[in-house]
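I'll drop the sequence and a predicted model, then ask my questions.
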Amino acid sequence: MVARLIDEDPEGAYGYSKVALRLASRVAAVREAAGFAAYANQKYSEALAEFRAARRMTGNVDLWPVMADCERGLGRPEKALEMAGAPEVHKLDKAGQVEMRLVAAGARRDMGQLDAAIVTLQSPELASSSVQPWTARLRYAYADALLAAGREGEAREWFAKAVEADRDGSTDASDRLAELDGVEFVDALDEDEEDDESRGGAEGGADDRDED
């Protein structure tokens with residue numbers, strides 16, 4: 001239930017995770033699920049405690065990047081950067097290493113180090129033309145950092161590349177690109193409602209004139 005609800009109803013997922021903890025707190029998967037539920041609700045201290053518990057139980061390093069991101073959430077970007085340079089990072093798979101790079105770049109931005117954030121994201125994974133599960137998010141983060149640094153032309157290029165890689169709509173890269181291009185989207189339903197109101201007003205006026 002936590003997995004089913006966490007994207008659409010994070011509060012509901014969190015509620016289920018608390019029940020699971022009461023029933024099976026010594027199960028690593030339960031502690032990990034509880035960590036993600038707390039993380040989704042921005043309860044970073046609680047999430048970090050659960051992730052640490054799951055890691056102690058399994059010895060697995062897969063949670064290292066999200067643990068570092070919890071440190072960011074707690075206002076400790078320096079700790080997140082320290083974790084990004086730890087030996088555990090070398091034990092991560094490619095997806096985990098890319099995630100760690102994203103967290104490290106975010107920590108640099110938290111500290112106002114925009115140029116360092118941009119450099120942190122520059123990597124073989126970013127330069128690669130192949131599309132991997134992390135490609136859209138990596139390109140998006142790079143584009144966003146460039147834009148924050150005032151490099152709008154380069155940012156537009158990378159938002160466009162993020163759109164190309166974002167096959168499941170995991171980012172709002174298309175909206176950001178449209179915003180840079182000055183494109184304004186209008187809700188067709190709103191337009192229809194306005195037209196109906198206008199026609200209604202005109203018809204009402206005609207009736208009033210007939211009565212006069």
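Nice, thanks for sending it over.

contacts, neighbours, all on C-alpha from now
OK.

these two touch, right, Glu152 and Asp144?
No. The criterion here is C-alpha atoms under 8 Å, and Glu152 misses it with Asp144 at 9.4 Å.

And the two? Which one has more around it.
Neighbours per residue (other C-alpha atoms under 10 Å) separate Glu152 from Asp144, with Asp144 holding more: 22 against 16.

Now the more buried one: closest residue in space that isn't a chain neighbour?
Ala155 (6.6 Å; C-alpha to C-alpha, 6 or more residues apart in numbering).

Quick check: buried residues in the helix or strand hosting that neighbour?
Using DSSP states H and E, Ala155 sits within helix 152-165. Neighbour-count burial for helix 152-165, with 16 or more other C-alpha atoms under 10 Å as criterion, is recorded at Glu152, Ala155, Arg156, Trp158, Phe159, Ala160, Lys161, Ala162, Val163, Ala165.

Now do it: everything it contacts.
131, 135-140, 142-147, 173-174, 176-177, 180 (C-alpha atoms under 8 Å, 6 or more residues apart in numbering).

quick one: which of those residues sit in helices?
135-140, 142-147, 173-174, 176-177, 180 (DSSP state H).

sorry, back to before: now, of the contacts of helix 152-165, which are buried?
135-140, 142-147, 173-174, 176-177.

Is Ser45 part of a helix or strand, or is it coil?
helix (DSSP: H, G, I helix; E, B strand; the rest coil).

And the contacts of stretch 19-37?
Against stretch 19-37 from outside (C-alpha under 8 Å, 6+ apart): 2-3, 6, 10-11, 13-14, 17-18, 46-51, 53-55, 57-58.

Can I get the buried ones among those as something I can paste into PyMOL?
This is how PyMOL selects the buried members of the contacts of stretch 19-37, with burial counted by 16+ other C-alpha under 10 Å:
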select buried, resi 2+6+10+11+13+14+17+18+46+47+48+49+50+51+53+54+55
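
Please flag which of the contacts of stretch 19-37 sit within helices.
2-3, 10-11, 13-14, 17-18, 46-51, 53-55, 57-58.

Spatially nearest residue to the residue most central in space within the chain, not counting backbone neighbours?
Geometric centre of the chain, nearest residue: Thr171, 7.3 Å, by C-alpha atoms, centre = their mean. Residue nearest to Thr171 in three dimensions, not counting chain neighbours: Arg137, with 6.9 Å by C-alpha to C-alpha, 6+ apart.

and if you look at Gln97?
Val89 (6.5 Å).

Any idea how many residues pack against the one you found?
As a burial measure, Val89 scores 20 neighbours (other C-alpha under 10 Å).

now do Ser25
Neighbours around Ser25, by other C-alpha under 10 Å: 17.

Report the separation between it and Glu8.
As defined by C-alpha to C-alpha, to the nearest Å, Ser25 lies at a distance of 25 Å from Glu8.

Also Ala127?
33 Å.
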